[in-house]
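Colleague: I'll drop the sequence and a predicted model, then ask my questions.
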Amino acid sequence: MSNVRYISNLTRDTYAIILAGGRGSRLYELTDWRAKPALYFGGKFRIIDFPLSNCINSGIRRVGVVTQYKSHSLIRHVTRGWGHFKKELGESVEILPASQQTSGNWYQGTADAVFQNIDIIRHEIPKYVMILSGDHVYRMDYAGLLAAHAESGADMTVCCLETPIAEAAGAFGVMEVDGNMRVIGFEEKPANPKPTPNDPEKCLASMGNYVFNTKFLFDQLKKDAKNENSDRDFGKDIIPAIIEQFNVFAYPFTSAVPEEPAYWRDVGTLDSFFQANMELLSPTPQLNLYDAKWPIWTYQEQLPPAKFVFDDEDRRGMAVDSIVSGGCIISGAKVKRSVLFDEVRVCSYSFVKDSVLLPDVVVLKNCKIQNAIIDRGCIIPDGMVIGYNQDHDRARGFRVSEKGITLVTRKMLGLAVGYE
């Protein structure tokens, strides 16, 4: 059997579940009205588009998206952008809200979110179930992960990333492995992670992506559901309970594109969200959104091209080292090192630099904005200055992050809230 045919059989025999119910509390007001996977990223995408695109580009075309927290915008986006798959051709992207089929509870944890959908998974008759985190930005060919899982004889495979110990402490599940990459120890968010055998400064952090043999997964979920002391979580409960008795292997994360370094970002804080967007402004960013071989798919409105108007010396519409999306108008204003999402307007004599402006933001005349995240639909009044004086920003009710990034939302400006 050719390698291509072998891989295609593996992907066809796989059902993927994307866990997209995360609240994202460390993003504060950015997730007041949307789940973290629905948060905007990179000028035109939402975070959920990355694991979904990885699935489709890897050949996995049966996907369930588990939703829970403030899921309206997420469901709307997935329905509009990913609802064109044909079930009769063996492909589908389905929304899996908490339907309380196995109990009267909402999803109690990551494991419970899968357990409550056992009947839906069983109906698909997959040989493998892939469980993916829905709130990270990365590109990955899951076919390699599936092949490693099948060839190792594993019951479960955990995708991992070599991470500096200082970054992983208290933040990620950490694995201890033997020379064959078999998992012999697992701790959920330890204060003192165990280092890898080859580098005392790094550890193997779980990415929250797993592959299970289907029957084995069902057996473990049923067993966990009967455990009254369980938190119903893969990291806290399932993995520690199985590593001694069963074959659990670690799979090191590699790039979807062989010649590119592996890229993975947890954009779970205001500062990490801001920084990851700013990284895209590099002439050759580590995350290449322009690669036609591994496209990131999304829902797109039919918008006119971006436009830059006026060419007077003191009133020139221009953008430098920036991402400017469809429908934007830079009208006699200057934009520098910034990410502008769809239909942003920047009016005469205003200056925006080192900032992220989400869709439908309007910056009126004579404004100065730097080191800021402006949430969707904000209207910045004439002459407002943001990001130049942190004490002044806080006094007006704006949030300033640990690294000095100012977040502005509609509510902070006294505008109507709830606009996605």
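Modeller: Done, it's in.

Colleague: for the closest residue to residue 264 other than its chain neighbours, phi and psi?
Modeller: Of all residues not flanking residue 264 in the chain, residue 138 sits nearest, at 4.0 Å (C-beta to C-beta, 6 or more residues apart in numbering). Any C-beta I mention is one placed from the backbone N, CA and C, and that applies to glycine too. Per-residue torsions, residue 138: phi -170, psi 160 (degrees, to the nearest 10).

Colleague: any idea how far residue 370 is from residue 138?
Modeller: Here the criterion is C-beta to C-beta, to the nearest Å. By it, residue 138 lies 29 Å from residue 370.

Colleague: swap in residue 107?
Modeller: For residue 107, the distance to residue 370 equals 40 Å [C-beta to C-beta].

Colleague: Between the two, which is the more surrounded one?
Modeller: residue 107 (23 against 18; other C-beta atoms under 10 Å).

Colleague: where exactly do the helices run in the stretch 101-250 of the chain?
Modeller: Counting by DSSP state H, counting those that start in this stretch, the stretch 101-250 of the chain has these helices, from start to end: 110-115, 118-124, 142-152, 165-168, 214-225, 239-242.

Colleague: Go through the ones you listed and name the closest to residue 158.
Modeller: Closest of these to residue 158 is helix 239-242, at 7.0 Å (criterion: C-beta to C-beta).

Colleague: State the mean pLDDT of the closest one.
Modeller: For helix 239-242, mean pLDDT is 96.

Colleague: so who does the residue nearest to residue 264 touch?
Modeller: By C-beta atoms under 8 Å, 6 or more residues apart in numbering, the contact list for residue 138 reads 50, 54, 207, 253, 262-265.

Colleague: Validate this expectation: residue 353 resides in a strand.
Modeller: Yes. With DSSP: H, G, I helix; E, B strand; the rest coil as the criterion, residue 353 is assigned to a strand.

Colleague: Can you report how many residues lie near residue 406?
Modeller: 26.

Colleague: would you list every one of the strands in the stretch 201-350 of the chain?
Modeller: Counting by DSSP state E, counting those that start in this stretch, one finds strands in the stretch 201-350 of the chain at the ranges 202-213, 248-252, 264-265, 307-309, 311-312, 315-316, 318-320, 323-324, 329-331, 334-336, 339-340, 345-346.

Colleague: Tell me which of these is the most buried.
Modeller: strand 339-340 (a mean of 27; mean count of other C-beta atoms under 10 Å).

Colleague: Who are the packing partners of it?
Modeller: strand 323-324, strand 351-357 (3 or more C-beta pairs under 8 Å, 6 or more residues apart in numbering; DSSP states H and E).

Colleague: Excluding sequence neighbours, find me the nearest residue to residue 413.
Modeller: residue 378 (5.9 Å).

Colleague: which residues touch that neighbour?
Modeller: 361-362, 408-410, 413, 415.

Colleague: Narrow those to just the buried residues.
Modeller: For those, a neighbour count by 16 or more other C-beta atoms under 10 Å gives the buried set as 361-362, 408-410, 413.

Colleague: Quick check: of the residues you listed, which lies closest to residue 34?
Modeller: residue 409 (11.6 Å).

Colleague: Residue 327 versus the closest one, what's the distance?
Modeller: Distance, residue 409 to residue 327, by C-beta to C-beta: 21 Å.

Colleague: what's the answer for residue 191, then?
Modeller: Applying C-beta to C-beta, the value for residue 191 to residue 327 is 47 Å.

Colleague: More neighbours: the two, which one.
Modeller: Set residue 191 next to residue 327 and count neighbours by other C-beta under 10 Å: residue 327 wins out with 20 against 7.

Colleague: I figured residue 159 was touching residue 204, is that so?
Modeller: No. Contact criterion C-beta atoms under 8 Å: residue 159 and residue 204 do not qualify, at 10.2 Å.

Colleague: re the thing from before, out of the contacts of residue 138, which one sits closest to residue 94?
Modeller: Of all the contacts of residue 138, residue 54 has the smallest distance to residue 94: 17.2 Å, by C-beta to C-beta.

Colleague: quick check, that closest one in a helix?
Modeller: Yes. Residue 54 sits within a helix when classified using three-state DSSP.

Colleague: is it possible to export the contacts of residue 138 to TSV including distance to residue 399 and pLDDT?
Modeller: Converted to TSV, the contacts of residue 138 look like this (distance: C-beta to C-beta, whole Å; pLDDT from 0 to 100):
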residue	distance to residue 399	pLDDT
50	26	98
54	32	97
207	29	94
253	32	93
262	32	86
263	28	92
264	26	94
265	21	93
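
Colleague: out of these, who's nearest residue 72?
Modeller: Closest to residue 72, out of all of the contacts of residue 138 and judged by C-beta to C-beta, is residue 50, at 20.5 Å.

Colleague: Which one of the buried ones among the contacts of residue 378 is nearest to residue 307?
Modeller: residue 362 (14.7 Å).

Colleague: Bridged to the closest one, which residues?
Modeller: Beta-bridge pairing of residue 362 under DSSP bridges involves residue 345, residue 379.

Colleague: shouldn't it be in contact with residue 345?
Modeller: Yes. Here residue 362 lies in contact with residue 345, judged by C-beta under 8 Å, at a distance of 4.6 Å.

Colleague: I'd like the distance between residue 85 and residue 63.
Modeller: Distance of residue 85 to residue 63, computed by C-beta to C-beta: 8 Å.

Colleague: Sorry, wrong one. I was asking about residue 134.
Modeller: Residue 134 is 11 Å from residue 63, by C-beta to C-beta.

Colleague: Quickly list what's touching both of the two.
Modeller: In terms of C-beta under 8 Å, 6+ apart, residue 134 and residue 63 are both contacted by the residues residue 18.
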